[in-house]
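**Student:** this one's structure only:
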């Protein structure tokens, strides 16, 4: 599932392609998860932002088009009239406008469409007004890269549950944007066992630093492609070659050379070092 670095990479690539352009028309696969795409027809995209794993297109009428990519979702801008793709679940026809308001602003031409592709149909779309909530977006914690999030606030958020530490991270409640890949990476860097149920203030601060480090590196590397994830340009991410822990069960720990171990924790595959991350 795309996590914060993948969604942020997509956001950065989409922003210059969409900002200031009008969604002239829309089509959606006939399912309630995708038909909200039709509600955005006629609106202009003012902003392209992200909250956790959610992409938000701020529309000119004050609403947000909320896009969650699920496990296999992707977005691309391409010319209309190209051969159809059976996995496209929604698309929006774009005008030729751009940030400067001209017909071909920012070098954009007419006849393009923004496509939302989702092979397994686990993603979803929504159009919401200010103050409305959509799924996890309405209850998730602060974004992991939000500079306003402090070490004490993160520690207090973790104290609100007795679930396993990794499970808390994946819940999006104490912090938003972290999934299986970057949780394993951050816990390894912070030397914290994924199944522990409490942390000290010092440990929470170390974990927050580790989370921000692995997420920032993920963004810099264009995200992690293990199978489905692609950028707006159709490219694979590069971060998969830089992982220290996730998916490396049985291989030596890069700190102590002990073979990394894999367990299933609350139904999620989890990799850790039994020596560096003692419980």
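**Tutor:** Cool, the structure landed. This one's a predicted model, so the numbers in the text were calculated from it and none came from an experiment.
**Student:** Low-confidence regions, this structure specifically.
**Tutor:** Of all residues in the chain, those with pLDDT under 70 make up the ranges 81-82, 97-110, 133-135.
**Student:** What lies in contact with the biggest helix by length in it?
**Tutor:** For the chain, the helix with the greatest residue count under DSSP state H is helix 201-220. Contact with helix 201-220 is made by 3-6, 8-9, 144-145, 149, 151-152, 154-155, 158, 165, 169, 175, 177-178, 182, 185-187, 189-192, 199, 224, 237, 239, 242, as judged by C-beta atoms under 8 Å, 6 or more residues apart in numbering. Using the backbone N, CA and C atoms, a C-beta is placed for each residue, glycine as well.
**Student:** In helices only, show me the residues you listed.
**Tutor:** Among those, DSSP H puts 4-6, 8-9, 151-152, 154-155, 158, 165, 169, 182, 185-187, 189-190 in helices.
**Student:** Show me how far stretch 78-96 is from its chain's centre.
**Tutor:** On the basis of C-alpha atoms, centre = their mean, to the nearest Å, stretch 78-96 sits 22 Å off its chain's mean C-alpha point.
**Student:** Between the two ends of it, how far is it?
**Tutor:** By C-alpha to C-alpha, to the nearest Å, the extent of stretch 78-96 from end to end equals 13 Å.
**Student:** and if you look at stretch 154-164?
**Tutor:** End-to-end span of stretch 154-164 (C-alpha to C-alpha): 15 Å.
**Student:** care to break this protein down by domain?
**Tutor:** With domains defined by automatic domain parsing, the chain comprises 4-138, 151-271.
**Student:** Could you dump the ones you listed into TSV and include mean neighbour count and distance to residue 277?
**Tutor:** Formatted as TSV, those follow (neighbours: other C-beta atoms under 10 Å; distance: least, C-beta to C-beta, whole Å):
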stretch	mean neighbour count	distance to residue 277
domain 4-138	18	22
domain 151-271	18	5
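**Student:** okay, these in JSON lines with distance to residue 278 next?
**Tutor:** Below are these laid out as JSON lines (distance: least, C-beta to C-beta, whole Å):
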{"stretch": "domain 4-138", "distance to residue 278": "28"}
{"stretch": "domain 151-271", "distance to residue 278": "6"}
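**Student:** so which of these comes closest to residue 279?
**Tutor:** domain 151-271 (4.1 Å; C-beta to C-beta).
**Student:** and for stretch 36-43, what are the contacting residues?
**Tutor:** Under C-beta under 8 Å, 6+ apart, the answer for stretch 36-43 is 22-28, 57, 59-61, 63, 65, 90-92, 116, 125-127.
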